[in-house]
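Trainee: Have a look at this prediction, sequence included:
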Amino acid sequence: MFSEAEIAAAIRSLAEQIARDHAGEDVLLLGILKGAVHVLSDLARELDQIQPGPSRLYLDVMAVSSYGNASRSSGEVRLIQDTTHAIEGRRVVIVEDIIDNGLTLSYLNALLSARKPLSLRSAVLLDKPYRRIANVKADYVGLTCPDEFIVGYGLDYQERYRTLPYIAKLRPDIFSDPD
């Protein structure tokens, strides 16, 4: 669905947008585990190359879950691991692999806004707007993806396929969901 080159170009575009909006400022990139690991690391490396870019770049992670081992969201977002850095008074960019129904990003926006960051924005590699339930939109979007179950580059199905360097549609014979 998306090649390594297309992903790299999208990450570069995200980095350029973030650098433009945060030139000379300290920024905390907050990656959402596990899916955003690749996006977070590649985005941080790209941001380090862009001048002028953020003055200082900080990294942190948190883990939330709404899928478990299913191919569809349960609709309930659970906090599994919180941040290790305080975010009050800081410029924070949430880094996600994908925004689908929007429930996770909506949950994170509410949770983190209450902690009084100086600014709170979100960057997603993939936007899948077709199943959006929550009224939420990412500030920075790399690619728009079709309404398919996809894997690779951090995205998984039952903890498999995360390490693929590209993004592919999961074949229907691999999984089945009750309708």
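Mentor: Here it is on my side, so go on. Numbers count the residues shown, from 1 in each chain.

Trainee: Now do the helix or strand containing A15, average pLDDT.
Mentor: If you go by DSSP states H and E, A15 is part of helix 4-21. What helix 4-21 shows for mean pLDDT is 97.

Trainee: Convert the helix or strand just after that helix to CSV, retaining C-alpha atoms only.
Mentor: As assigned by DSSP H and E, the chain's next helix or strand after helix 4-21 is strand 26-33. The C-alpha coordinates for strand 26-33 follow below in CSV (Å, rounded to 0.1, in the frame of the first residue of the first chain):
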residue,chain,number,x,y,z
ASP,A,26,11.8,23.2,22.8
VAL,A,27,9.4,20.4,21.7
LEU,A,28,8.5,17.1,23.4
LEU,A,29,7.6,14.4,21.0
LEU,A,30,5.2,12.0,22.8
GLY,A,31,5.0,8.6,21.0
ILE,A,32,2.1,6.4,21.5
LEU,A,33,3.2,2.8,22.0
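
Trainee: Just give the strands next to strand 26-33 in its sheet, each with its orientation.
Mentor: strand 56-65 (parallel), strand 91-99 (parallel) (DSSP bridges).

Trainee: what's the offset of that strand from the middle of its chain?
Mentor: 10 Å (CA atoms, centre = their mean, to the nearest Å).

Trainee: mind checking pLDDT for the residue lying closest to I11 once chain neighbours are set aside?
Mentor: Among residues not flanking I11 along the chain, D42 sits closest, at 4.8 Å (CB to CB, 6 or more residues apart in numbering). Any C-beta I mention is one placed from the backbone N, CA and C, and that applies to glycine too. On pLDDT, D42 comes in at 98.

Trainee: check contacts around the nearest residue to G102 once chain neighbours are set aside.
Mentor: Excluding its sequence neighbours, the residue lying closest to G102 (CB to CB, 6+ apart) is A134, at 3.5 Å. With contact set as CB atoms under 8 Å, 6 or more residues apart in numbering, A134 has these partners: N101, G102, L103, L105, S106.

Trainee: surely the third one meets R78?
Mentor: This means L103. No: between L103 and R78 there is no contact under CB atoms under 8 Å: 11.0 Å.
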